[in-house]
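A.B. asks: what shape does this take:
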Amino acid sequence: MSFSRGRVLLAKPRGFCAGVERAVKTVEVCLDKYGPPVYVRKQIVHNLHVVRSLEERGVVFVEETEEVPAGAIVVFSAHGVAPTVHTEAEVRSLTTIDATCPLVGKVHREAVRFAEAGYDILLIGHEGHEEVIGTVGEAPDHIHLVDGPDDVANVEVRDPDRVAWLSQTTLSVDETLATVAALRRRFPNLLDPPSDDICYAAQNRQSAVKEIAVGSDLVVVVGSANSSNSVRLVEVAKEHGAAAAYLVDQAQEIEESWLEGVGTVGVTSGASVPDEPVQGVLDWLAERGFDDVQDVELVKETMHFALPRELQLSATTDTL
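C.D. replies: Presented below is the predicted three-dimensional model:
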């Protein structure tokens, strides 16, 4: 017989964003249209469950374009690629399908415009992240990476009156604003991007986790360790009231000791996480008495992105 031990605050929105849905659907349509193998450069999105399920269907994930057989089909991940990667694919006569999130593509276009206007671009982001590598590749001679407020003092530019900032889309909103404030103190004429670069989904998920963190003794964030937006959710939860917060890929990674003295558990997931592992976490908690699940919804998301042009007809035909 089960017993009620506590409640679960389930954040909404959570899980797949429009950019992730588009990227995953892109690969699925490629499989239907061309058949396996379909090659994907890097992980299509940063989530272990998504990658494994696509591998089971015949997707081959590679690190670099040179690993794709000449003449084959390759999908570029949601995080975007530098122009040099498109050139490499051309040389190998690859059929390319670009699944870059449209919001990341917007940042790429902003980088090009600022560079063409002669600005030094201060890109707020984490070194080595695929999205950052792709954005820097758009204007490598103009872009300087700034990894948080503490890195601002290290920035060197050609003209302090001609600087602009951009950011990685999956960062913490609060940290990004703090970095921008530090940059503006050093460069008073700092130019803002035409619109906020932080992804709407990242903002919504961070706002939702702030809401549940206040009333939670423990927050469990479902997501993979290489997912920047999932890692940020753990940090935001700790900063806004949660006594403890952990990142897990699946329920089996939760430790029983985390529940000691806990009455309320907050649950959310990163923007690249499907429903199945979240449900697994809820089932695991229910088995241990946390069966009173309360939705905490801040905003309804209605954003939708069309598939890459090359696949739109195929996707429409398949639904008829």
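A.B. asks: walking through the chain, point out its helices one by one.
C.D. replies: Applying DSSP state H to the chain gives helices spanning 18-34, 48-56, 83-91, 102-116, 130-136, 173-186, 200-213, 228-239, 275-287, 309-319.
A.B. asks: now those helices in JSON lines, with mean pLDDT and distance to Leu122?
C.D. replies: Placement of C-beta: from N, CA and C, glycine included. Written out in JSON lines, the entries for the helices of the chain read as follows (pLDDT from 0 to 100; distance: least, C-beta to C-beta, whole Å):
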{"stretch": "helix 18-34", "mean pLDDT": "97", "distance to Leu122": "24"}
{"stretch": "helix 48-56", "mean pLDDT": "97", "distance to Leu122": "32"}
{"stretch": "helix 83-91", "mean pLDDT": "97", "distance to Leu122": "21"}
{"stretch": "helix 102-116", "mean pLDDT": "97", "distance to Leu122": "10"}
{"stretch": "helix 130-136", "mean pLDDT": "97", "distance to Leu122": "12"}
{"stretch": "helix 173-186", "mean pLDDT": "94", "distance to Leu122": "6"}
{"stretch": "helix 200-213", "mean pLDDT": "95", "distance to Leu122": "20"}
{"stretch": "helix 228-239", "mean pLDDT": "96", "distance to Leu122": "19"}
{"stretch": "helix 275-287", "mean pLDDT": "98", "distance to Leu122": "36"}
{"stretch": "helix 309-319", "mean pLDDT": "65", "distance to Leu122": "33"}
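A.B. asks: dump the ones you listed to TSV, plus distance to Asp161.
C.D. replies: As requested, the helices of the chain are exported to TSV (distance: least, C-beta to C-beta, whole Å):
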stretch	distance to Asp161
helix 18-34	35
helix 48-56	45
helix 83-91	28
helix 102-116	14
helix 130-136	23
helix 173-186	12
helix 200-213	30
helix 228-239	32
helix 275-287	48
helix 309-319	40
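A.B. asks: now those helices in TSV, with mean neighbour count and distance to Tyr246?
C.D. replies: Shown next, in TSV, are these (neighbours: other C-beta atoms under 10 Å; distance: least, C-beta to C-beta, whole Å):
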stretch	mean neighbour count	distance to Tyr246
helix 18-34	21	22
helix 48-56	16	16
helix 83-91	15	35
helix 102-116	18	28
helix 130-136	23	24
helix 173-186	17	20
helix 200-213	23	13
helix 228-239	23	7
helix 275-287	17	11
helix 309-319	12	37
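A.B. asks: out of those, which comes closest to Asp295?
C.D. replies: For those, distance to Asp295 was read as C-beta to C-beta. The smallest value, 10.1 Å, belongs to helix 200-213.
A.B. asks: outside of that closest one, which residues touch it?
C.D. replies: With C-beta atoms under 8 Å, 6 or more residues apart in numbering as the contact definition, helix 200-213 has outside contacts at 9-14, 17-19, 103, 169-173, 219, 221, 229, 232-233, 236-238, 240-242, 245, 266-268, 270-271, 296-299, 301, 303.
A.B. asks: ChimeraX command to pick out the buried ones of those residues?
C.D. replies: A single ChimeraX command is used to select the members of those judged buried by 16 or more other C-beta atoms under 10 Å:
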select :9,10,11,12,13,14,17,18,19,103,169,170,171,172,173,219,221,229,232,233,236,237,238,240,241,242,245,266,267,268,270,271,296
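A.B. asks: residues touching Arg22, list them.
C.D. replies: Here Arg22 is in contact with Ala78, Ala99, Cys101, Pro102, Phe305, Ala306, Leu307 (C-beta under 8 Å, 6+ apart).
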